[in-house]
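Undergrad: Provide a 3D model corresponding to the input given below.
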Amino acid sequence: MFAVIVSAAVLAASQMGFDEAKALADRNEASLDRQTSAQLVAAQGKALHEAVAACARPDADVLPFTVVLSLNGDGSTQASWLRGTTSLAKCVRNRLADTGLAGRWTTPFYTSFEVSFDRN
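TA: Numbering: from 1, shown residues only. Below you'll find the model as predicted:
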């Protein structure tokens, strides 16, 4: 029975579009208490730093992009979405999806990474 519920949740997440997933992430993040929000920001910062470091190339196209993750309770990734088309964006999304986000999260927990680079 549990496997059927998990399979249904994964199927529903995979059929969801970017805009819906981003809206869920915004709602999830806004509902956190201060301490949990601080833990989320720290975990996001660490994960994003590691993903960008692994994906960065001197000639990378640094257009802004957004990644949304749906996390399982253990921080592993259930599903991911990307708004962006550059190689850097795709690589970062794949790295974030592969590693998930350290912590314990309500299931499913949606979170987003809005990435832009200062060109100055």
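Undergrad: which element follows the secondary structure element (helix or strand) that Val68 belongs to toward the C-terminus?
TA: Assessed by DSSP states H and E, Val68 sits inside strand 65-71. Moving toward the C-terminus from strand 65-71, the first helix or strand encountered (DSSP H and E) is strand 77-83.
Undergrad: what sits against Arg95?
TA: For Arg95, the contacting residues are Glu50, Ala51, Ala54, Cys55, by CB atoms under 8 Å, 6 or more residues apart in numbering. Heads up, the C-betas are built off the backbone N, CA and C, glycines and all.
Undergrad: Which helix runs longest in this structure?
TA: With secondary structure taken from DSSP state H, the chain has its longest helix at helix 34-55.
Undergrad: tell me which residues in that one are buried?
TA: Gln39, Leu40, Ala43, Gln44, Ala47, Leu48, Ala51, Val52, Cys55 (16 or more other CB atoms under 10 Å).
Undergrad: residues making contact with stretch 63-76?
TA: So stretch 63-76 is in contact with 13, 18, 21-22, 24-25, 43, 77-84, 86, 88-89, 92-93, 96-97, 100-117, going by CB under 8 Å, 6+ apart.
Undergrad: a strand runs through Cys61, doesn't it?
TA: Not Cys; residue 61 is Asp. No - counting by DSSP: H, G, I helix; E, B strand; the rest coil, Asp61 is not part of a strand but coil.
Undergrad: number of nearby residues for it?
TA: When neighbours are counted by other CB atoms under 10 Å, Asp61 registers 13.
Undergrad: Check Ala21 too.
TA: 23.
Undergrad: What distance do you get for the residue nearest the centre of the chain to Ala60?
TA: Among the residues of the chain, Leu69 comes closest to the average C-alpha position under CA atoms, centre = their mean, at 3.1 Å. Per CB to CB, to the nearest Å, Leu69 is found 21 Å from Ala60.
Undergrad: Thanks again, I'm all set now.
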